[in-house]
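K.L.:
predicted coordinates and the sequence they were generated for:
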Amino acid sequence: MVDIGTPLDGRDDPGDGWFPESVAAEYDDPGGDNAPAVVDPAVRVLAELADGGPLLEFAVGTGRIAAPLAARGLPVSGIELSRAMALRVSGKPGGDAVRVVLGDMTSTRVPGAFSLVYLVCNTISNVTTQDGQVAVFVNAAAHLRPGGLFVVEVGLPDLRRLPPGQDTVPFTVAPDPRGGGSLGFDQYDVVTQQFTSTHVSVSADGQGRFRRIPFRYAWPAEMDLMARIAGLHLRSRWAGWDRSALTAESTRHVSVWAAP
């Protein structure tokens, strides 16, 4: 693993963007996206697609996916913008073997040619301009060996739940039996394809926390065009890691593009 410095002792670094120490400290809480039922299918499919070759994860985060892949004996590298997140990779089984480079996935280069580049858990939407998302595809293609694959997992915008005159869709309302609870909702601008996710939580003792994060959504067809700009072509598209067919009722897609 590349030396990325020492822990931040609870301090937030503005350079870590939307994922500073205060967020990274809670990111690996059990359940949700960290549950084995979520992680294991993704790891299994990515390992199969890589076919033993080296993998590169854009926005590697705390190593939720990269560390289990490395624990299987696969060579894994990652790019991560947040040092607070990246510092936690080595603490996971297999994480010590993950090579992490700090940087922006739109432009940062990692030495080597990879069988598989992947970007999961909606992170393509953290890039909030179309030009930036195209740059992600171009950078992924630049890292691929001939015939290599680029995989993106991302949710589909929940616009079908927007009646005329409404721009907000709740995605979680979770009271805590011990007191407090959490509320989350997305607010869409269907003209610019920008949306913001708002997370509000209140602890049992009445302490509140408010977090708002900007995103940009892109439809699968738009991503196919981004891939074509980068010299890639669509190989597969599924509704999830179970490789089920994408339908009008799907809430996310896993798409696989191939280099020539």
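P.N.:
Looks like it arrived, so ask away. Numbering: from 1, shown residues only.
K.L.:
scan this structure for its longest strand.
P.N.:
The longest strand of the chain (DSSP state E) is strand 144-155.
K.L.:
in it, what's buried?
P.N.:
For strand 144-155, a neighbour-count test (16 or more other C-beta atoms under 10 Å) marks 144, 148, 149, 150, 151, 152, 153, 154, 155 as buried. Every residue, glycine included, has its C-beta placed from N, CA and C.
K.L.:
let me know the average pLDDT across that strand.
P.N.:
Averaged over strand 144-155, pLDDT sits at 98.
K.L.:
and stretch 55-74, by the same measure?
P.N.:
Confidence for stretch 55-74, expressed as mean pLDDT, is 97.
K.L.:
now do stretch 196-216
P.N.:
87.
K.L.:
hmm, who's touching that stretch?
P.N.:
18, 23, 122, 125-130, 133, 171, 176, 178-187, 192-195 (C-beta atoms under 8 Å, 6 or more residues apart in numbering).
K.L.:
now, the residues you listed that are in strands?
P.N.:
Filtering the contacts of stretch 196-216 for strands - DSSP E - leaves 171, 181, 182, 183, 184, 185, 186, 187, 194, 195.
K.L.:
which strand residues bridge the spatially closest residue to the fourth one that is not a sequence neighbour?
P.N.:
Spatially, and ignoring its direct neighbours in sequence, residue 183 is nearest to residue 200 (4.7 Å; C-beta to C-beta, 6 or more residues apart in numbering). Beta-bridge partners for residue 200, by DSSP bridges, are residue 183, residue 210.
K.L.:
CA atoms of stretch 190-210 as CSV?
P.N.:
This file holds the C-alpha atoms of stretch 190-210, laid out as CSV (Å, rounded to 0.1, in the frame of the first residue of the first chain):
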residue,chain,number,x,y,z
VAL,A,190,-34.7,17.2,-14.1
VAL,A,191,-33.4,19.9,-16.4
THR,A,192,-29.7,19.8,-15.3
GLN,A,193,-29.7,16.2,-14.0
GLN,A,194,-28.4,17.4,-10.7
PHE,A,195,-29.7,16.1,-7.5
THR,A,196,-28.9,16.3,-3.8
SER,A,197,-29.2,13.7,-1.1
THR,A,198,-30.1,15.0,2.3
HIS,A,199,-29.5,12.9,5.4
VAL,A,200,-30.9,13.9,8.8
SER,A,201,-30.3,11.8,11.9
VAL,A,202,-31.3,12.4,15.6
SER,A,203,-29.7,10.3,18.3
ALA,A,204,-31.6,9.0,21.4
ASP,A,205,-30.3,11.9,23.5
GLY,A,206,-31.6,14.5,21.0
GLN,A,207,-28.4,15.3,19.2
GLY,A,208,-29.0,16.0,15.5
ARG,A,209,-26.8,15.7,12.4
PHE,A,210,-27.5,17.2,8.9
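K.L.:
quick one: buried residues of that stretch?
P.N.:
Of the residues in stretch 190-210, 193, 194, 195, 197, 198, 201, 202 count as buried by neighbour count, 16+ other C-beta under 10 Å.
K.L.:
cool, stretch 105-115 as well?
P.N.:
In stretch 105-115, counting by 16+ other C-beta under 10 Å, buried: 105, 106, 110, 114, 115.
K.L.:
and those, which two are furthest apart?
P.N.:
106 and 115 (21.5 Å; C-beta to C-beta).
K.L.:
dump the buried residues of stretch 105-115 into JSON lines; add pLDDT as well.
P.N.:
Output for the buried residues of stretch 105-115, formatted as JSON lines (pLDDT from 0 to 100):
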{"residue": "105", "pLDDT": "97"}
{"residue": "106", "pLDDT": "97"}
{"residue": "110", "pLDDT": "97"}
{"residue": "114", "pLDDT": "98"}
{"residue": "115", "pLDDT": "98"}
